[in-house]
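**Q** give me coordinates for this.
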Amino acid sequence: HARCHADPERQGRQDARAPRTDADAPQVPWSISTYFTKKTARQTDELGNFVGQTQVAEPPGWHADSKLALAVQIVSRELAMPEPEAWRRLQLLKSLLPDLAERRSSLKAADLVRLSADVSQIAEALLVLREAL
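**A** Numbers count the residues shown, from 1 in each chain. Okay, the predicted model is just below:
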């Protein structure tokens with residue numbers, strides 16, 4: 001029973017001819033890959049230059065309520081206040097200033113929570129303003 005051994009030089013040539021996968025390919029700086037953008041729209045001129053302002057898309061799940069929840073968590077630690085108390089004061093501020101819900105997009109969530117920390121002073125200032133008018 002005879003055994004046939006492959007010629008080592010010939011074996012190397014076969015490996016060189018084997019198809020390469022993307023994982024085996026060298027990563028070179030000029031290689032083009034898929035680019036994912038956070039821009040919701042890209043307006044370009046006829047030469048491909050960006051024009052106008054671009055809108056950046058929010059990541060999934062990162063909306064006003066999640067920003068507010070994170071702000072309550074961080075600011076309550078910052079002010080050494082329990083989170084449930086920070087939420088209670090925030091709800092009280094919303095009841096004192098109902099238009100605040102509409103303006104929430106223009107205010108930063110952390111600033112809103114910091115403002116609600118002194119909600120008693122806001123209530124006093126509103127009473128003084130009401131008496132003055």
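**Q** in the chain, which spans are helices?
**A** Remark: helices assigned in the chain by DSSP state H are 8-17, 64-78, 83-96, 100-103, 109-117, 119-132.
**Q** list the buried ones in the shortest one?
**A** Read it as helix 100-103. Leu100 (16 or more other Cβ atoms under 10 Å). (Each C-beta comes from the backbone N, C-alpha and C, glycine too.)
**Q** what do you get for stretch 106-114?
**A** Using 16+ other Cβ under 10 Å as the test for burial, stretch 106-114 gives 109-110, 112-113.
**Q** what does stretch 77-91 give?
**A** Buried-residue list, stretch 77-91, by 16+ other Cβ under 10 Å: 81, 86-87, 89-90.
**Q** next, format these as JSON lines and append pLDDT and distance to Gln121.
**A** Formatted as JSON lines, the buried residues of stretch 77-91 follow (pLDDT from 0 to 100; distance: Cβ to Cβ, whole Å):
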{"residue": "Met81", "pLDDT": "92", "distance to Gln121": "15"}
{"residue": "Ala86", "pLDDT": "93", "distance to Gln121": "16"}
{"residue": "Trp87", "pLDDT": "94", "distance to Gln121": "19"}
{"residue": "Arg89", "pLDDT": "92", "distance to Gln121": "11"}
{"residue": "Leu90", "pLDDT": "90", "distance to Gln121": "15"}
